[in-house]
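Undergrad: Below is the sequence, then the predicted model.
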Amino acid sequence: MPDWLKDTVFYEIYPQSFRDTNNDGIGDINGIIQKLDYIHDLGCNALWINPCYDSPFKDAGYDVRDYKKVAPRYGSNTDLYRLFGEAHNRGMHVLLDLVPGHTSEEHPWFLESQKAEKNEFSDRYVWTNAAFQGIGGHPYISGECPRDGSYMLNFFKCQPALNYGFLNRTEDWQMAPDAPACIATREALKDIMRFWMDHGCDGFRVDMADSLVKEDDEHKSATCQIWHNIRQMMDQEYPDAALVSEWSNPQQSLKAGFHMDFYLDHHGNGYNTLVRDGETPGGDHSFFLKNGHGDIMRFLKDYLPKYNATRKHGYISFLTCNHDTPRETRTLSTPELKLAYAFFFTMPGVPFLYYGDEIGMRYLDLPSKEGGYARTGTRTPMQWNHERNLGFSEANPDTLYLPVDSASDAPTVESSEKDPDSLLQAVKALLKLRHCEEDLQADAIFEVLYAEKERFPFVFRRGSLIIAVNPSGQEQSAPVTTEKKPIFTIGSVNTEHGKLTLAPQSFSVLK
């Protein structure tokens, strides 16, 4: 386990929307370098950068055309190597996005694989034996290639699935996971990882990490074997590098070799009940919604088994949002967000902050861009100040990757830094506290002290610290006796009379 993860908070950057330095309307790597001090001062000491590889951008870069080349719109490989160095100079780490399950249909591997003549890449992707032979249960394409076969898709039409084999084979064209062609795919993935780590990358966030082997069993046993093999390579060759999975099943992913696994917004899971419960019949009952009448037990029922089963194997990563999820400002107010973020940043594991969440950027209702669809409104340009294009770019507004928030009260870094009560100031204070208090970092034990069905507050322990949160609109008390004193508070807390009492919408850390 890389030791640096114990006191790490990641900042996710959607590169095309963060900072444009050459005024073409699209963010770039030099823009990220330019803002490293901002990210560091915020309290984030690591980055996750969404795909910045060469791509036709039919899926915003998740359709990779060349894994070893930076997309020209972002700059050059040399720029990315410089970013690694500048981050390291500030004591920061950088993860790139790894897309192992598919490539662009324009990738050289696929251009060779689709040829009628047999070659070394013929089996790099999943193909049937004939163009009129489909693939039951999976999307596929027929009739577009010289090769007599249909090929499987992982997501969009532009993303042919790489071949890691089928655990439970039912057709003669399906290969076993240990077939030479499937092993070659795995080794090609390791080659890509080595390339970037040799140039200074500190690891990877892995896209759709659980979906490599097709027709895998419920335990994802064959896919887990691939990641075991990759983790063994990393431990031997790059022991300080880290992996975080888009899996959201830590009992599988962390035991398969990942260091971290995202707690993603899946309908009805624990994370969903905290801040994104609007899909539930009868209204939004998110725990951090002031008038949501939430129930912390719904969260604990899902989270505690995950935490108890995996805390010795790796970390569960809470996230404020990501590029695939509507920003929480769509349903939560600034006071509600302060409490939610306070909770995320004081829980075990390694948290992730999505760019712009620290200032309360809004979700915008926008037409789809590069396959974003409903996700597009979460990917708008970072809002730095109230100058041209909110400080994102000097380009003509019509040429921007996506439009900026046009509201007169659009939150910006500049305005938030001047407001002592802003969400940004709360985030800075929280992250400073996390870095100062070892018992708030990744490994410190988590223990529930008070939690009752449909009751507030929620009180828990991290190491020797006591943490209490009351997201409701009324004063609430818990039968928790303590002589500890508050070292961080939103709202107010009282420890007198043998109980812990929190004012409406309050949070406190006691030491």
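TA: Received it, and whenever you're ready, just let me know what you need.

Undergrad: C-alpha only now, for contacts and for neighbours.
TA: Fine.

Undergrad: Tell me who's in contact with the residue nearest the centre of the chain.
TA: Nearest to the mean C-alpha position of the chain, by C-alpha atoms, centre = their mean, lies residue 322 at 5.3 Å. Residue 322 is in contact with 12, 354, 378, counting by C-alpha atoms under 8 Å, 6 or more residues apart in numbering.

Undergrad: Please repeat the previous calculation with a cut-off of 10 Å.
TA: With contact set as C-alpha atoms under 10 Å, 6 or more residues apart in numbering, residue 322 has these partners: 12-14, 264-265, 352-355, 357, 375, 378-379.

Undergrad: secondary structure element for it?
TA: Assessed by DSSP states H and E, residue 322 sits outside every helix and strand.

Undergrad: My understanding was that residue 3 contacts residue 314; is that so?
TA: No: Residue 3 is not in contact with residue 314 according to C-alpha atoms under 10 Å; the separation is 11.6 Å.

Undergrad: quick one: which of those two has more around it?
TA: Shown here are residue 3 and residue 314; by other C-alpha atoms under 10 Å, residue 314 has more neighbours (25 against 11).

Undergrad: so residue 67, which of the three states?
TA: strand (DSSP: H, G, I helix; E, B strand; the rest coil).

Undergrad: Which strands and helices lie in contact with the lengthiest helix in the chain?
TA: Longest among the helix segments of the chain by residue count, using DSSP state H, is helix 180-198. Under the contact definition 3 or more C-alpha pairs under 10 Å, 6 or more residues apart in numbering; DSSP states H and E, helix 180-198 sits against strand 66-70, helix 77-89, strand 93-98, strand 203-206, helix 221-237.

Undergrad: quick check: angle from the first one to helix 77-89?
TA: Taking axes from the mean of the first three to the mean of the last three C-alpha atoms, to 10 degrees, one finds that strand 66-70 is oriented at 80 degrees with respect to helix 77-89.

Undergrad: Please give the centre-to-centre distance between strand 66-70 and its chain.
TA: Offset of strand 66-70 from its chain centre (C-alpha atoms, centre = their mean, to the nearest Å): 21 Å.

Undergrad: which secondary structure elements does that strand contact?
TA: For strand 66-70, the packing partners by 3+ C-alpha pairs under 10 Å, 6+ apart are strand 53-54, helix 77-89, helix 180-198.

Undergrad: buried residues in the longest one?
TA: This points to helix 180-198. Across helix 180-198, burial judged by 16 or more other C-alpha atoms under 10 Å covers 181-186, 189-190, 193-194, 196-197.

Undergrad: quick revisit: could you tell me which of the contacts of residue 322 belong to strands?
TA: When DSSP state E defines the strands, the subset of these inside them is 12-13, 352-354.

Undergrad: Break down the chain into its helices, ranges please.
TA: With DSSP H as the criterion, the chain has helices spanning 29-34, 36-42, 77-89, 108-113, 180-198, 221-237, 250-256, 270-275, 296-310, 334-344, 413-418, 423-436.

Undergrad: okay if I get those as JSON lines plus mean pLDDT and distance to residue 124?
TA: Listed next are the helices of the chain as JSON lines, based on pLDDT from 0 to 100; distance: least, C-alpha to C-alpha, whole Å:
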{"stretch": "helix 29-34", "mean pLDDT": "98", "distance to residue 124": "31"}
{"stretch": "helix 36-42", "mean pLDDT": "98", "distance to residue 124": "38"}
{"stretch": "helix 77-89", "mean pLDDT": "98", "distance to residue 124": "26"}
{"stretch": "helix 108-113", "mean pLDDT": "98", "distance to residue 124": "7"}
{"stretch": "helix 180-198", "mean pLDDT": "98", "distance to residue 124": "6"}
{"stretch": "helix 221-237", "mean pLDDT": "98", "distance to residue 124": "16"}
{"stretch": "helix 250-256", "mean pLDDT": "98", "distance to residue 124": "23"}
{"stretch": "helix 270-275", "mean pLDDT": "98", "distance to residue 124": "37"}
{"stretch": "helix 296-310", "mean pLDDT": "98", "distance to residue 124": "34"}
{"stretch": "helix 334-344", "mean pLDDT": "98", "distance to residue 124": "41"}
{"stretch": "helix 413-418", "mean pLDDT": "98", "distance to residue 124": "46"}
{"stretch": "helix 423-436", "mean pLDDT": "98", "distance to residue 124": "44"}
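
Undergrad: what's the closest of those helices to residue 7?
TA: helix 423-436 (6.4 Å; C-alpha to C-alpha).

Undergrad: got the angle between the closest one and helix 334-344?
TA: 10 degrees.

Undergrad: List the buried residues for helix 423-436?
TA: 423-428, 430-431, 433-435.

Undergrad: which one of those sits closest to residue 218?
TA: Closest to residue 218, out of all of the buried residues of helix 423-436 and judged by C-alpha to C-alpha, is residue 434, at 36.8 Å.

Undergrad: Could you find the closest non-adjacent residue to that closest one?
TA: Leaving aside its sequence neighbours, residue 434 sits nearest to residue 440 (C-alpha to C-alpha, 6 or more residues apart in numbering; 5.2 Å).
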